[in-house]
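Chemist: Sequence plus predicted model, see below.
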Amino acid sequence: MRAIVHDPAAGLRLSDVPDPEPRPHEVLIEVRAASLNFLDVAYRDHNLAPAACPASTRQGS
């Protein structure tokens, strides 16, 4: 399968990785799409100080 992986030297990159195998009592879920917002990228790039509960879209409030 293809996945976006974090490479410490190159940042995010598209890579081919082995398909995951569920263990007993686990399920495998197919994800067709995912997204990152600007805070996710800023936090990953160490441009944002860690907060107790970072939430730009106010999930759950």
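Modeler: Arrived safely.

Chemist: Using the three-state scheme, assign Asp19.
Modeler: Under DSSP: H, G, I helix; E, B strand; the rest coil, Asp19 falls in the coil class.

Chemist: now it, nearest residue through space, not along the chain?
Modeler: Distances taken as C-beta to C-beta, 6 or more residues apart in numbering place Met1 nearest to Asp19, at 5.2 Å, with adjacent residues excluded. For every residue, glycine as well, the C-beta is placed using N, CA and C.

Chemist: In this structure, what helix or strand scores lowest on average pLDDT?
Modeler: helix 38-44 (a mean of 75; mean pLDDT, DSSP states H and E).

Chemist: Just the buried residues of that one, please?
Modeler: Using 16 or more other C-beta atoms under 10 Å as the burial criterion, none of the residues of helix 38-44 qualify.

Chemist: going forward can the numbers begin at 834, since that is how I track them
Modeler: All set: I'll call the first residue 834, so the last point we hit is now helix 871-877.

Chemist: Grab the CA positions of it and hand them over as CSV.
Modeler: What follows is helix 871-877, C-alpha atoms only, in CSV (Å, rounded to 0.1, in the frame of the first residue of the first chain):
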residue,chain,number,x,y,z
PHE,A,871,-2.0,24.0,9.4
LEU,A,872,-1.6,23.3,13.2
ASP,A,873,-0.7,19.7,12.4
VAL,A,874,2.0,20.8,10.0
ALA,A,875,3.3,23.5,12.3
TYR,A,876,3.5,21.2,15.3
ARG,A,877,5.3,18.5,13.2
